[in-house]
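Undergrad: Sequence first, predicted coordinates after that:
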Amino acid sequence: MTFTHAITRRPVKELAAGITTSILGPPDYIKALDQFNAYVNALKQCGLSVTVLDPLDGYPDAHFVEDAAVVTPDIAVITNPGAAPRKGEVPSIAAALQPFRKIVWVQPPGTLDGGDVLMVDRHFFIGLSDRTNEQGARQLGDAVTGFGCTWTPVRVAAGLHFKSSVNAVGSDTLLTTQPFADHPALAGFHRIVISAQEEYAGNTLWVNGHLIMPTGFPDTRKKLETLGRPIIELDTSEFRKMDGGLTCLSLRF
């Protein structure tokens, strides 16, 4: 799929007040801004027109815009985030997407985080995690099925989201952590399995033929180089401290 647009959001100064399980310490706001700007520039380098939304006061996780919506070629599904403090993020994302797509909303008791949704061609893998429940997955699945897509629910046993562990790096190739290396739901795809020491690199972003990966993971980079695609490395240290990664920081469509 070729992307033309991306929506991002600048972090609030209080981003350290967000939800995290990390023990890496609090993020540095100024450094996070520098990393965010580098991320936006990388998306532009990949040919995307990037909308940068203003910080959303009172929502320190709101720069992780991917969790608030799932944008398909046909519709935008506005999620009901699984973390209660994040539910107020969705109206502004819906407004930003309104000019581009018909809007569909996930309704309670369904919960859904966009970080649990991986679209590969016209098929959706939907992770069932602490943030996404079966009702939310079913609502998204029903919505995309109406446009000729298919979907598979996948239980997430470790990591915050499904895309913490599995991401597409080609039309028939997935980058996975070791727990998903032989997962039956991924049968039919070529799989590049990363080492346990470099699990964070599993959240690599494939955009218009480019691979954007976090810096500092040489073994994973060596494996990705075999695909023959341009690789952009970005420092995401401050977002990692808040359980975030590269896919979390934008909505691409």
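TA: Ah, there it is. Small disclaimer: the values here were computed from a predicted structure and weren't measured. Numbers count the residues shown, from 1 in each chain.

Undergrad: separation between Phe36 and Ser165?
TA: Distance, Phe36 to Ser165, using CB to CB, to the nearest Å: 24 Å. Every C-beta, even on glycine, is put in place using the N, C-alpha and C of the backbone.

Undergrad: neighbour count winner among these two?
TA: Neighbour count, other CB atoms under 10 Å: between Phe36 and Ser165, Ser165 has more, with 26 against 22.

Undergrad: Neighbours of the residue nearest to the more buried one when sequence neighbours are not counted, how many?
TA: Spatial nearest neighbour of Ser165, chain neighbours left out: Thr177 (4.3 Å); criterion: CB to CB, 6 or more residues apart in numbering. Number of residues near Thr177 (other CB under 10 Å) recorded here: 21.

Undergrad: what separates Thr177 from Arg191, distance-wise?
TA: 10 Å.

Undergrad: what does Val65 give?
TA: Using CB to CB, Val65 is found at 28 Å from Arg191.

Undergrad: Which residue of those two possesses the greater neighbour count?
TA: Val65 (24 against 16).

Undergrad: did I read that right, Pro27 in a helix?
TA: No: counting by DSSP: H, G, I helix; E, B strand; the rest coil, Pro27 is not part of a helix but coil.

Undergrad: if I look at the closest residue to Ile194 other than its chain neighbours, how far off is Ala168?
TA: Nearest residue to Ile194, sequence neighbours excluded (CB to CB, 6+ apart): Thr220, at 4.9 Å. Separation of Thr220 from Ala168 (CB to CB) stands at 15 Å.

Undergrad: Glu14: how many residues sit nearby?
TA: Glu14: 13 neighbours (other CB under 10 Å).

Undergrad: can you tell me which residues contact it?
TA: Going by CB atoms under 8 Å, 6 or more residues apart in numbering, Glu14 touches Pro60.

Undergrad: Hmm, Arg10 and Tyr29 touching each other?
TA: No: counting by CB atoms under 8 Å, Tyr29 does not reach Arg10; the two are 10.9 Å apart.

Undergrad: where exactly do the helices run in the stretch 51-200 of the chain?
TA: 90-97, 134-145 (DSSP state H, counting those that start in this stretch).

Undergrad: JSON lines for those, including mean neighbour count and mean pLDDT?
TA: JSON lines is the format used below for the helices of the stretch 51-200 of the chain (neighbours: other CB atoms under 10 Å; pLDDT from 0 to 100):
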{"stretch": "helix 90-97", "mean neighbour count": "18", "mean pLDDT": "98"}
{"stretch": "helix 134-145", "mean neighbour count": "19", "mean pLDDT": "98"}
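
Undergrad: closest to Gln107 out of these?
TA: With distances scored as CB to CB, the stretch of those nearest to Gln107 is helix 134-145 (6.7 Å).

Undergrad: Quick one: residues in contact with that closest one.
TA: For helix 134-145, contacts defined as CB under 8 Å, 6+ apart pick out 70, 72, 74-75, 77, 79-80, 82, 104, 106-107, 109-112, 116-117, 124, 126, 128, 151, 153.

Undergrad: Could you turn the buried ones of these into a PyMOL selection?
TA: In PyMOL, this line selects whichever of those come out buried by 16 or more other CB atoms under 10 Å:
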select buried, resi 70+72+74+75+77+79+80+82+104+106+110+111+112+116+117+124+126+128+151+153
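
Undergrad: For Ile221, give its distance to Glu238.
TA: Wrong residue type there; residue 221 is Arg, not Ile. Distance check for Arg221 against Glu238: by CB to CB, it reads 21 Å.

Undergrad: okay, the two: which has more neighbours?
TA: Looking at Arg221 and Glu238 with other CB under 10 Å, you find the greater number of neighbours at Glu238, namely 24 against 18.
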